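A.B. asks: compute the structure for the input listed below.
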Amino acid sequence: MNSFNLPACQVYQPEIRFVDIDAAGIVNNATYFNYFEQSRIHFFEGLVGRKWNWHEAGMVVARHEIDYRMPILFNDDIRIVTWIERVGEKSMTAAYEVLKAVEGKWVNLATAKTVMVSFNHVSGKSIAWPLQMSEPIAQFGTGRPSF
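C.D. replies: This is a model prediction of the structure:
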């Protein structure tokens with residue numbers, strides 16, 4: 001259910017697994033980063049497709065930050081909205097909002113950002129974003145969507 005009127009690539013529904021839950025009965029704080037990774041993969045596949053050569057024109061994570069507001073519970077109905085906030089020559093920032101359905105409304109559980117650096121894993125060096133990545137992002141647009 002994408003009730004946000006956003007492109008499908010921007011809305012990801014993670015599977016909350018029992019292994020994600022800690023002793024307090026909530027999703028462990030470190031698990032959020034797995035959800036964000038899956039959300040980014042979903043987002044980038046929607047922009048550049050699955051045939052991308054991630055070894056030659058990949059990316060590495062340089063920084064994560066997250067603000068937690070409310071916990072995720074095992075049976076929660078969660079959506080993660082993803083967008084690109086900023087694109088530089090060799091880095092870009094992805095941003096996320098984690099939302100939970102509560103009585104027909106979406107409640108913000110967390111906001112986060114990931115700084116990624118364009119990286120050639122064959123040469124072991126950072127590189128400028130290839131046009132196959134930067135052009136689709138420029139066409140798609142940056143900044144938080146309205147939803």
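A.B. asks: may I see the buried residues of the longest helix belonging to the chain?
C.D. replies: Longest helix of the chain, by residue count under DSSP state H: helix 31-48. Across helix 31-48, burial judged by 16 or more other Cβ atoms under 10 Å covers 31-32, 35-36, 38-40, 42-44, 46-48. (C-beta placed from N, C-alpha, C; glycine too.)
A.B. asks: distance from the chain centre to it, please.
C.D. replies: Centre-to-centre, helix 31-48 and its host chain are 4 Å apart (Cα atoms, centre = their mean, to the nearest Å).
A.B. asks: in contact with Phe43, which residues?
C.D. replies: Residues in contact with Phe43 (Cβ atoms under 8 Å, 6 or more residues apart in numbering) are 9-10, 12, 82-83, 94.
A.B. asks: hmm, I typed the wrong one, I wanted His55.
C.D. replies: Contact analysis of His55 by Cβ under 8 Å, 6+ apart lists 121-122.
A.B. asks: neighbouring contacts of the helix or strand of the chain at the bottom of the mean pLDDT ranking?
C.D. replies: Ranking every helix and strand in the chain by mean pLDDT, DSSP states H and E puts helix 131-140 at the bottom, with a mean of 91. Contacts made with helix 131-140 from outside it, assessed by Cβ under 8 Å, 6+ apart, are listed as 7, 47-48, 52, 57, 84, 87, 92, 118.
A.B. asks: list the buried ones in it?
C.D. replies: Buried residues in helix 131-140, defined by neighbour count with 16+ other Cβ under 10 Å: 133, 137.
A.B. asks: may I have that helix as PDB, with CA atoms only?
C.D. replies: Only the C-alpha atoms of helix 131-140 are listed here, as PDB (Å, rounded to 0.1, in the frame of the first residue of the first chain):
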ATOM      1  CA  LEU A 131      26.500   9.800 -15.600                       C
ATOM      2  CA  GLN A 132      24.500   6.500 -15.400                       C
ATOM      3  CA  MET A 133      23.900   7.400 -11.700                       C
ATOM      4  CA  SER A 134      23.900  11.200 -11.700                       C
ATOM      5  CA  GLU A 135      21.600  11.800 -14.600                       C
ATOM      6  CA  PRO A 136      18.700   9.600 -13.300                       C
ATOM      7  CA  ILE A 137      19.000  11.300  -9.900                       C
ATOM      8  CA  ALA A 138      19.000  14.800 -11.500                       C
ATOM      9  CA  GLN A 139      15.900  13.800 -13.600                       C
ATOM     10  CA  PHE A 140      14.200  12.400 -10.600                       C
END
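A.B. asks: this completes my enquiry, with thanks.
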